[in-house]
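Visitor: The sequence isn't on hand, but the structure is:
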């Protein structure tokens, strides 16, 4: 939204709790409890998390101000929902809910509310439900600062694009090897691997952290802690930085494949280019949503860099 423009609507995005999903799958709460306890799992924790979310949902309803139109939408309906240019978007859920919403937005700001601070980290949802009654009027008044969260974009040579808040995965749908040509900073090689991950700063605490942890663990086992140092702890980078980082998963060396380009930053306007050598099954998906992908098959080129849009996330001062 531009300077001086006001909000005309609040859109609240929610998600189903685990209890709701289990009841949908098994028919009744009693059946869901029976199956969980039969597997030795605690159903009480599922019920407690559901109750906490329900209490947060009711608290948020009370915190919404009068005089402005409000619309509630469950996460599953996002693909068919059209956000207006003057919407204030409120998410009530975990960090992943902000990620789910971001791909459907343009410049609409997001106010991420944490419904259950005891269970949710709150990396992208910094406002506790207890502070919603103060945060929402402040957001409507434009008095909460905006953090522009860097996003990644893969652009294919046929014009298709796919954006990510956390990470992009380039590989195959199955567990077979991905084959492609990789081009990075004037270096080129053919590779066979389990795929390539391109992470943003926001995603550096997720999949990218797992990659770094695994790499550090293998290196430590072979070289010792002194040689590797604190590599496992050097994963996070600023979510607002104009930077991405890519990692090649399990590269395999052979007469036809190399492993010289396995990690690196992507900054400014530079790109990581991949040319598919996969006759079938090649895909690119974002933010762990495997069902939402673009095909990446033999001969197609993907150019991966920083997206020209950002997630506008409202952020408390200090």
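Guide: Yep, it's here. All figures in this text were calculated on a predicted structure; none of them were measured in a lab.
Visitor: And residue 182, which helix or strand is it part of?
Guide: Per DSSP states H and E: residue 182 is located in strand 178-184.
Visitor: quick one: average pLDDT of that strand?
Guide: In this model, strand 178-184 has a mean pLDDT of 98.
Visitor: Give the buried residues for that strand.
Guide: Judged by neighbour count using 16 or more other CB atoms under 10 Å, the buried positions of strand 178-184 are 178-180, 182-184. All C-beta atoms are positioned from the backbone trio N, CA, C, and that covers glycine.
Visitor: residue ranges with poor pLDDT in this structure?
Guide: Counting by pLDDT under 70, the ranges of the chain that qualify are 1-5, 318.
Visitor: any idea how far the residue sitting furthest away from the middle of it lies from residue 176?
Guide: Residue farthest from the centre of the chain, counting by CA atoms, centre = their mean, is residue 255 at 36.3 Å. Distance, residue 255 to residue 176, by CB to CB, to the nearest Å: 19 Å.
Visitor: can you check residue 196 too?
Guide: Distance, residue 196 to residue 176, by CB to CB: 15 Å.
Visitor: Looking at those two, which is more packed in?
Guide: Ranked by neighbour count (other CB atoms under 10 Å), residue 196 and residue 176 place residue 196 first, with 25 against 12.
Visitor: Neighbouring strands - and their directions - for the strand holding residue 182?
Guide: Looking at strand 178-184 with DSSP bridges, its partner strands are strand 187-193 (antiparallel), strand 272-276 (antiparallel).
Visitor: For residue 208, find the nearest of the ones you listed.
Guide: Nearest to residue 208 among those is strand 272-276 (14.4 Å), distances taken as CB to CB.
Visitor: so how far does stretch 66-79 reach from one end to the other?
Guide: One end of stretch 66-79 to the other measures 28 Å (CA to CA, to the nearest Å).
Visitor: can you pull the buried residues of it?
Guide: For stretch 66-79, burial by neighbour count (16+ other CB under 10 Å) applies to 73, 75.
Visitor: Excluding its own residues, what touches it? List them.
Guide: 7-16, 64, 81, 93, 97, 100-101, 104, 140 (CB atoms under 8 Å, 6 or more residues apart in numbering).
Visitor: How about stretch 36-53?
Guide: With contact meaning CB under 8 Å, 6+ apart, stretch 36-53 is reached by 17-20, 22, 32-33, 92-93, 115-116, 118-119.
Visitor: Could you pull out the buried residues of it?
Guide: 36, 43, 46-47, 49-50, 52-53.
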